[in-house]
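A.B. asks: One predicted model, sequence on top.
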Amino acid sequence: MMRGKTQGVLVCLVILAGVPAYCQRGTFGIDVGQSSDKFGSLPAVSGLVVGIDGEITVLKANKKEGGASIVAGGEIRLPSDTGNHAKEFAIFGGPGFQYRNLSIEVHAQIRKIYLPAGNVDNQFFVRNKMEVLEIPLVLRYRFGPGKKLFVEAQGAPEFSPRWRSAGSLSPLPNPDFDHGYFVRGGLGYIFGRWYAKGTYESRYFKFNANQFNPNNLYNWRTNAITGGAGFVF
């Protein structure tokens with residue numbers, strides 16, 4: 001893990017959680033669970049993953065006039081085994097709309113993914129880091145007694161990544177992007193200023209099978225199931 005960049009994202013999340021005087025809504029949470037990652041024809045590997053996320057409403061829309069609020073936030077995903085699972089760091093911002101108990105947000109999101117090296121027949125193949133632009137649609141709905149139960153869903157197609165050197169003298173060549181997507185769903189309950197939530201996420205990248213993607217070692221599917229808690233301010 002690159003300590004400086006990790007600390008930078010952590011600082012951003014702490015700032016997001018520490019400025020309730022300037023915004024009308026915010027969340028900060030920690031999740032723990034299991035991630036399963038599969039690269040090409042290699043067997044899937046499962047391991048522990050920890051996630052940290054935060055979001056605030058930077059500018060709240062006037063209820064009488066309507067219009068969009070402006071939201072911003074960030075996310076960190078840290079696996080216990082970085083030899084088989086990817087580290088991820090993301091920041092986002094965008095408009096949010098409220099209609100009764102339903103909120104709709106569109107996030108312009110930059111995500112950096114540190115892919116692990118591949119091991120084939122005891123030979124290591126180093127993958128470069130990916131930077132991807134994502135524009136997910138995010139839906140949240142509150143229901144039940146006191147509107148304390150909530151469900152949320154988000155997803156988007158993946159765009160062609162930008163590649164960054166992993167610092168290796170002999171990395172794999174950068175592959176040609178074919179298609180990809182990610183989806184995420186969650187269910188939770190609000191206890192006053194605290195909430196508990198369970199989440200499932202699936203992410204998939206497919207690259208063309210040619211000399212730039214030997215043995216399809218860049219093709220990546222990851223699934224994660226996590227549960228955690230956080231606070232609302």
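C.D. replies: Happy to help now that I have it. Residues are numbered from 1 along each chain as shown.

A.B. asks: ok, Gly185 to Gly40 distance?
C.D. replies: 27 Å (Cβ to Cβ, to the nearest Å). Every residue, glycine included, has its C-beta placed from N, CA and C.

A.B. asks: Repeat that for Val183.
C.D. replies: From Val183 to Gly40 the distance is 21 Å (Cβ to Cβ).

A.B. asks: Same check on Ile190?
C.D. replies: On the measure of Cβ to Cβ, Ile190 and Gly40 end up 42 Å apart.

A.B. asks: same check, this time on His179
C.D. replies: 16 Å.

A.B. asks: Could you find the closest non-adjacent residue to Asn101?
C.D. replies: Arg142 (4.7 Å; Cβ to Cβ, 6 or more residues apart in numbering).

A.B. asks: thinking that neighbour is in contact with Leu149, fair?
C.D. replies: Yes: judged on Cβ atoms under 8 Å, Arg142 makes contact with Leu149 at a distance of 6.8 Å.

A.B. asks: between those two, what contacts are shared?
C.D. replies: Shared contacts of Arg142 and Leu149, defined by Cβ atoms under 8 Å, 6 or more residues apart in numbering, comprise Ile190.

A.B. asks: who has more neighbours, those two?
C.D. replies: Arg142 (17 against 14; other Cβ atoms under 10 Å).

A.B. asks: Tell me the helix or strand right after the helix or strand hosting that one.
C.D. replies: In this assignment (DSSP states H and E), Arg142 forms part of strand 137-143. Once the chain leaves strand 137-143, the next helix or strand it forms, by DSSP H and E, is strand 149-157.

A.B. asks: Identify the residues contacting that following strand?
C.D. replies: So strand 149-157 is in contact with 107, 134-143, 179-190, 195, going by Cβ under 8 Å, 6+ apart.

A.B. asks: if we can go back for a sec, out of His179 and Gly40, which sits in the more crowded spot?
C.D. replies: Neighbours per residue (other Cβ under 10 Å) separate His179 from Gly40, with Gly40 holding more: 17 against 12.

A.B. asks: That one and Ala61: what is the separation?
C.D. replies: 46 Å.

A.B. asks: Val138 too?
C.D. replies: In terms of Cβ to Cβ, Val138 sits 16 Å off from Ala61.

A.B. asks: where along this protein do the helices fall?
C.D. replies: 3-17 (DSSP state H).

A.B. asks: residue with max distance from the center of it?
C.D. replies: In the chain, Lys64 marks the outermost C-alpha relative to the chain mean, sitting 33.4 Å out by Cα atoms, centre = their mean.

A.B. asks: give me every residue that touches it.
C.D. replies: No contacts exist for Lys64 under Cβ under 8 Å, 6+ apart.

A.B. asks: where in this protein is pLDDT low?
C.D. replies: The model of the chain has pLDDT under 70 over residues 1-24, 120, 167-172.
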